[in-house]
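>>> mind folding the following:
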Amino acid sequence: MWLKVTVVIAVVAVGLLALIVGVLVPLSQQPRVTLTEGTYTTSGCGAFGPSRWTFTFRFNLVNTGNANGFATVELYLNGQPNIGTYATINFFVPEESQVTEQGVSISSADCGTYSPGVAVVSVAKA
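Residues are numbered from 1 along each chain as shown. Below is the predicted model:
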């Protein structure tokens, strides 16, 4: 009798351990992506160039998390994300690594004055 009870308890314990390892551990693994060294260059609006600005960005995406991730990055022209002209691009960033992106561009509608920038607006587990 005691042997059957011990076996049942052992089977239940192993099943619970498998559930914890199989479900909860992967849930705790998350990417943590930040953007560093965001810079840009401008071109256009010259005497012989197009009649709009082109802003070409360079930046690093750093994932300090313990899972691969997708960083949604926004290039913007009006001082902050989600206002006016902007472009949203997704980048894959492996866990515990850094990715350098360069040559990513956005163009203005005219030769006006702009406040361009780049920001990570969301991060999702890959």
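>>> tell me which residues touch the most centrally placed residue in the chain, please.
Nearest residue to the geometric centre of the chain (CA atoms, centre = their mean): Ala71, 1.2 Å. For Ala71, the contacting residues are 31, 33, 35, 61, 63, 90-91, 93, 120, 122-123, by CB atoms under 8 Å, 6 or more residues apart in numbering. Just so you know, the C-beta spots here come from the backbone N, C-alpha and C atoms, and that holds for glycine as well.
>>> and of those residues, the nearest to Asn82?
Minimum distance to Asn82 across these is 11.4 Å, recorded for Ser122 (CB to CB).
>>> three-state assignment of that closest one?
strand (DSSP: H, G, I helix; E, B strand; the rest coil).
>>> residues near it, how many?
Neighbour count of Ser122, defined by other CB atoms under 10 Å: 13.
>>> is it bridged to anything, and to what?
Thr72 (DSSP bridges).
>>> neighbours of Gly44, how many?
14.
>>> OK, contacts around it?
Contacts of Gly44 (CB under 8 Å, 6+ apart): 50-54, 107, 111.
>>> for it, what are phi and psi?
In terms of degrees, to the nearest 10, the main-chain angles of Gly44 are phi 100, psi -180.
>>> beta-bridge partners for it, please?
With DSSP bridges as the rule, Gly44 is bridged to Trp53.
>>> now do Tyr95 against Gln29, distance only.
Small correction: residue 95 is Glu, not Tyr. 8 Å (CB to CB, to the nearest Å).
>>> equivalent analysis for Thr113, please.
Distance, Thr113 to Gln29, using CB to CB: 44 Å.
>>> now the closest residue to Tyr76 other than its chain neighbours, what are its backbone angles?
Leaving aside its sequence neighbours, Tyr76 sits nearest to Tyr86 (CB to CB, 6 or more residues apart in numbering; 4.1 Å). The phi and psi values for Tyr86, taken as degrees, to the nearest 10, are phi -160, psi 160.
>>> ok, now Glu96?
phi 50, psi 50.
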